[in-house]
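Q: give me the fold of what follows.
(chains A, B and C)
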Amino acid sequence: MKAIISSAKLHCEEFYARSTLKVAKDLLGCYLNRRLPSGLVLNAEITEVEAYTANDPACHAFNGKTKRTQVLFGPPGRAYVYFIYGMYNCLNVVTEPDGIPGAVLIRGLNGIADSGAKLNGPGKICKYWQIDRELNGVSLLALDSPLWITKRADGTSPKILKSERIGISQAQDRLWRFYT
DNA sequence: GGGCCGATTGTT
DNA sequence: ACAATCGGCCCG
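A: Residues are numbered from 1 along each chain as shown, chains lettered A, B, ... in the order given. Okay, the predicted model is just below:
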């Protein structure tokens, strides 16, 4: 058995089975980890997120469950990856208890592979980290997952700023974009 | 089957 | 400002 993670710990399902707004803010400062098909593992600190909830006109799940959005209604702690603008994929983490839709969009990373480089924008993150719809629905909780999230090692929490969400045409008054 | 739109991004 | 580029969803 090989150890993928030494010091950092995975969140458990209970972490994701909470209010989407709380999960969004708590994910800031955590680390997104990605095992590429080549075997190479990338990791970087989450620095920007957005929350999308059941009673939110900007959420894909707002108009009910469809083939595309069904993972939003499923168990928490899974990846929701959708294809947008004919070119880009966006990565979300599913929140709320099973049966209630909700997700946190990952919009920004910092310190990619210890290089210190920043990666801004959900489309670019998925492009550079080879995240596409094949990962839609995968659990982030299993150690053999190609995608998982770990807590920050020092146990501290970053200072959180908020603003309107980017690129939406509805519910623009909700300050549900959080960043560090 | 047709048409419109989108949780984006890079270029004009 | 706008083009790139295509799946989902609604309508008929």
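Q: need the pLDDT of the residue of chain A found nearest DNA strand C.
A: Minimum separation of chain A from DNA strand C (C-beta to the nearest atom of the strand) falls at A:G86, amounting to 2.7 Å. Where you see a C-beta, it was placed from the backbone N, CA and C, and this is true even at glycine. As predicted, A:G86 sits at a pLDDT of 97.
Q: please enumerate the strands of chain A.
A: Ranges of strands within chain A are A:31-35, A:41-53, A:79-84, A:88-94, A:102-110, A:118-120, A:147-150, A:161-163, A:177-179, based on DSSP state E.
Q: same for the lowest-mean-pLDDT helix or strand in chain A, what does it pack against?
A: In chain A, the helix or strand scored least confidently by mean pLDDT, DSSP states H and E is strand A:118-120, which has a mean of 93. The contact analysis (3 or more C-beta pairs under 8 Å, 6 or more residues apart in numbering; DSSP states H and E) places strand A:118-120 against strand A:41-53, strand A:102-110.
Q: with mean neighbour count added, can I get the ones you listed in a markdown table?
A: Output for these, formatted as a markdown table (neighbours: other C-beta atoms under 10 Å):
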| stretch | mean neighbour count |
| --- | --- |
| strand A:41-53 | 23 |
| strand A:102-110 | 25 |
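Q: residues making contact with stretch A:95-107?
A: A:16-20, A:23-24, A:27, A:32, A:46, A:48-54, A:59, A:61, A:65, A:69, A:72-76, A:80, A:90-94, A:120-122, A:125, A:166, A:177, A:179 (C-beta atoms under 8 Å, 6 or more residues apart in numbering).
Q: ok, now stretch A:112-123?
A: So stretch A:112-123 is contacted by A:42-44, A:47-48, A:84-85, A:87-91, A:105-111, A:125, A:128 (C-beta under 8 Å, 6+ apart).
Q: that stretch: end-to-end distance?
A: Counting by C-alpha to C-alpha, to the nearest Å, you get 16 Å between the two ends of stretch A:112-123.
Q: return the set of buried residues in that stretch.
A: A:I112, A:L119, A:G121, A:P122 (16 or more other C-beta atoms under 10 Å).
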